[in-house]
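Asks: Could you work out the structure for the sequence below:
(chains A and B)
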Amino acid sequence: MSNSENRKLESGTPKGPLSDKWTDYKFDSKLVNPSNKRKFSVIVVGTGLAGASAASTLAELGYKVKAITMHDSPRRAHSIAAQGGINAAKNYQNDGDSVYRLFYDTIKGGDYRSREANVHRLAEVSVNIIDQCVAQGVPFARDYGGLLANRSFGGAQVSRTFYARGQTGQQLLIGAYHSLMRMVGQKKVDLLERREMLDLVVIDGKARGVIVRNLITGETERHVADAVLICTGGYSNAYYLSTSARMSNATAAWRCHKRGAAFANPCYVQIHPTCIPVSGEHQSKLTLMSESLRNDGRVWVPKAQGDKRPPGQIPDSERDYYLERIYPSFGNLAPRDVSSRAAKRLCDEGRGVGRSGLAVYLDFRDAIKRDGRDAVAAKYGNLFDMYHHITDENPYEVPMRIYPAIHYTMGGLWVDYNLMSNVPGLFVLGEANFSDHGANRLGASALMQGLADGYFVIPATLSNYLGATKLEKVDTQHAAFTEAENDVKASVEKLISNKGTRTVDDFHRELGKILWDKVGMGRTEAGLKEALQQIPKLREEYHSGVKILGDKNDYNQELEKAGRVADFFELGELMARDALMRDESCGGHFREEHQTADGEAIRNDEKYAFVGAWFYEGAGKEPTLVKEELKFENVTPSVRSYK
Amino acid sequence: MGSHSELNSNEPKSMTLTLKIWRQPGPQSQGHFEEYKVDGIIADMSFLEMMDVLNQKLITSGVDPVSFDHDCREGICGTCLMVINGAAHGPDKGVTTCQLHMRRFNDGDTIVIEPARATAFPIIKDLSIDRSALDRITAEGGFISVSTGNAPDANAIPIRKENSDLAMDAAACIGCGACVASCKNASAMLYTSAKISHFALLPQGQPERTERVLGMVKQMDLEGFGNCTNTGACEAACPKEISLENIARMNREYLRAMLTSRK
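Replies: Predicted coordinates:
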């Protein structure tokens, strides 16, 4: 589908001073008058924070909205699992926060690999998000005076994180879900559950619809619209083991990529420092322990290598509180990429704890002594319980054992300032796009971005598109729908009729291991080149060797997974290719060739201050790289120091 | 992944279990219990990881795997409800199926696994059920009507901490339907009342309190959920330990609405 004139990427960032850009944009943008909005139809794929907030807001404005989710209910989306909180530049704590400071922290936290204008807009609307959520009835934590409470997160020296116990994502998603169900009840949103988007329909170069598979009946359906919003989250599950939910996948985004949408910075993957370590080969997913725990928990390993004493028998003088030692100004709240690498380095030195030696301690002894057990339980009770259930160890009595794990993907479909991909009419919101977090996302910023995109950005940018674009009248009988549906049916048929011997999970686990070892926390030229050999080879084996039972016209969970894993193979290869191309270390992308003597990342701004966006060129062909240069007009990229 | 496994120092004790699992090919078909043996189950596995082991084995031997719904596997999405040895989410208090671990069972145990059964939750296949009735209850008033952009400053209305905390307790509901599955009347009162409480406890919820409770209760009845006879089975089964007090609050809200509604 792609042709060469599509291969230009313009960010479309408005002119003018940074702090005026979004205001000016809104004033200059085309509007659709209220009575005309009902003439436009919008498909929203995914109903997590970004999708549910976008679908409800657009329906409130009057657009005809179809919301599509693969889940049985919009409330199941994985946004629900976010624990710690959501950032906003409210400065309620009077500790010197501001929109500019949140902007600055996010740009620096992203290791100077994001677009200034997008990030500033995010910081600006952050304050509106909190207002909106409180008005919806989101029960954020409060002080005894009845006002909102805050806590701190990594990479910031102010308290700007709003939270609802350890279930902030749940409460924000339920808020967006309530708004969405209100619109469903008023018949302003047509909610289609248990449907998976398997292709994008492009007509005259514009996104005009989707092909979905009804997961219960197996039937394919055609849906037409004037714009399509992809709000389907990230691709952490390419690694098999991650903190994502089991159904989280990249298929909707990847199929858009194959229809011409550029995929940006696929190698930028976040590895979260505080997850419960793997307990064996049976492991099906990893569980995060919120970053907020590092407000009170202290991270340490024994000073001596191979010290196998139980933690309680190791005196303070023989403990290395290494984050406090190495990064005294941020201490235990050093950002995620920095903390993860420090943990890996110490474990590689043989100072890791637990039976495998691949864990460090997160210790609450001092917080419990200082504030009392009840105060600690009030803040983190549900997280402590979760840890206890999984490990059978009581974190009130023994320190948690934690280790880094794949948690979030900063890369995603390329979007311009409008959150529109290079395919006109195809918008991408939330984790599915690449835009705001650069090479590393700060804690409590994913919820902020998902809701910023859905509640506040898309209403303005979508009307600008619809108001300025001439859209031909098309229906689902158009040849492009037939072609896309036939492609979908053929790929489903190919998988189900395969006569292999190995299960989907078996292949997925093997792919995940290649990615974790070679495109994980530490990457090398040699390792990435090996991965680029191994992944295509395993992919070929997959397509001849995978075994899927049952019928395609039925609820068939193995068949669903098989399609997603087929896409992870292709995306996994692109991740390795992007990581090899980016011959520098930045944020979550750590090329071992580029580090200081004490293991800190060395960026190369002269050569790599760009967004790397890849275009699909067809099966078996090398993708094309297009660079969007990043210009820093307000912040000067410097060596990111948290010392 | 072996490269970063947290292996047990003592070779983990491996269990062999007999599973009696409800198999039903589709909504209209006749279901029955099927018996399977699984071995190599270790204490650290979650219940769903044990189900994964079974399904991998079934696929390899050419038998259709058991259909069961699950997603986050960390106890928050509410997808994974199944009935284990007669109890919704199994024997542990305050946990979902995905957070139940095999250390709770012994070598040689027989475990009976079936879907939640309620008229309002039709079976889709095996252990997978359709709980969209709960969403339809929500659509009839489980919200505050505040369109995006209309909100005052978040700190404009102080909220008593106690009320805010109680609202949070109610809002912790994960919509799994364990309350319905464990109630002899298949009542959805705990689910519905948790939502009504959440809003009734907050100042923002006041303007719509009458329409909310009337609309949601009406839809609950239309969906075919039963009434409440105060046995408390729902509270006991709830993985988030949502309190029965919410039902009392809903009843008060309902009575008040009946007396004051102008409709």
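
Asks: going forward, measure contacts and count neighbours with C-alpha atoms only.
Replies: Noted.

Asks: how many neighbours does A:Asp95 have?
Replies: Number of residues near A:Asp95 (other CA atoms under 10 Å in any protein chain shown) recorded here: 11.

Asks: Quick check: can you list the domain ranges of the chain?
Replies: Went with chain A since none was named. Using automatic domain parsing, the domain ranges for chain A come out as A:15-269+A:408-468, A:272-404, A:486-604.

Asks: look at chain B instead
Replies: Listed by automatic domain parsing, the domain ranges of chain B are B:10-124, B:132-144+B:156-260.

Asks: Report the distance from the shortest one to the chain centre.
Replies: Averaged C-alpha coordinates place domain B:10-124 at 15 Å from its chain's average position (CA atoms, centre = their mean, to the nearest Å).

Asks: pLDDT score for the residue nearest to the spatial centre of chain A?
Replies: When CA atoms, centre = their mean is applied to chain A, the residue found nearest the centroid is A:Glu431 (3.7 Å). A:Glu431 is assigned 98 on the pLDDT scale.

Asks: ok, so what distance separates B:Ala171 from B:Phe199?
Replies: From B:Ala171 across to B:Phe199, the span is 9 Å (CA to CA, to the nearest Å).

Asks: Contact distance from chain B - what residues of the stretch 51-200 of chain A qualify?
Replies: Residues of the stretch 51-200 of chain A lying close to chain B by CA under 8 Å from any CA of the partner chain are A:57, A:60, A:72-73, A:75-78, A:80-81, A:128, A:130-132, A:134-137, A:139-148, A:164, A:170-171, A:175, A:178-179, A:181-185.

Asks: Can you list which of the residues you listed are found in helices?
Replies: In this view, those that belong to helices under DSSP state H are A:57, A:60, A:128, A:130-132, A:134-136, A:170-171, A:175, A:178-179, A:181-185.

Asks: Doesn't A:Thr461 lie inside a helix?
Replies: Yes: according to DSSP: H, G, I helix; E, B strand; the rest coil, the state of A:Thr461 is that of a helix.

Asks: Hmm, it is touching A:Val415, no?
Replies: No: between A:Thr461 and A:Val415 there is no contact under CA atoms under 8 Å: 11.9 Å.

Asks: before we move on, the earlier item: for the domains of chain B, which one sits closest to A:Leu495?
Replies: Ranking those by proximity to A:Leu495 (CA to CA) places domain B:10-124 first, at 14.8 Å.

Asks: Do any residues in the closest one lie close to chain A?
Replies: Yes: against chain A, domain B:10-124 shows contacts by CA under 8 Å from any CA at B:44-46, B:49, B:53, B:56, B:59-60, B:62-65, B:67, B:70-74, B:76-79, B:99-101, B:124.

Asks: Let me know the distance separating the closest residue to B:Leu58 other than its chain neighbours from B:Gly90.
Replies: Sequence neighbours aside, B:Pro65 is the residue nearest to B:Leu58 in space, at 5.7 Å (criterion: CA to CA, 6 or more residues apart in numbering or on different chains). B:Pro65 sits 21 Å away from B:Gly90, taking CA to CA as the criterion.

Asks: likewise A:Ile174?
Replies: Here A:Ile174 is placed at a distance of 26 Å from B:Gly90 (CA to CA).

Asks: More neighbours: those two, which one.
Replies: Taking other CA under 10 Å, A:Ile174 and B:Gly90 do not tie; A:Ile174 has more neighbours (28 against 25).

Asks: Identify the residue spatially nearest to the more buried one, adjacent ones excluded.
Replies: The spatially closest residue to A:Ile174, leaving aside those adjacent along the chain, is A:Arg75, at 6.4 Å (CA to CA, 6+ apart).

Asks: for the one you found, what are its contacts?
Replies: With contact set as CA atoms under 8 Å, 6 or more residues apart in numbering or on different chains, A:Arg75 has these partners: A:Thr47, A:Gly48, A:Leu173, A:Ile174, A:Tyr177, B:Cys77.

Asks: Quick one: mean pLDDT for the one helix or strand B:Ser164 maps to?
Replies: B:Ser164 is part of helix B:161-171, with elements assigned from DSSP states H and E. Helix B:161-171 comes out with an average pLDDT of 97.

Asks: Could you do stretch A:88-97 as well?
Replies: Averaging pLDDT along stretch A:88-97 gives 97.

Asks: What residues of that stretch count as buried?
Replies: A:Ala88, A:Ala89, A:Lys90, A:Asn91, A:Tyr92, A:Asp97 (16 or more other CA atoms under 10 Å in any protein chain shown).

Asks: one step back: can you give me the pLDDT of the residue nearest to A:Ile174?
Replies: pLDDT for A:Arg75: 98.

Asks: Roughly how far does it sit from A:Asp296?
Replies: 31 Å.

Asks: next one: A:Arg115
Replies: Look at A:Arg115 and A:Asp296: by CA to CA, they are 33 Å apart.
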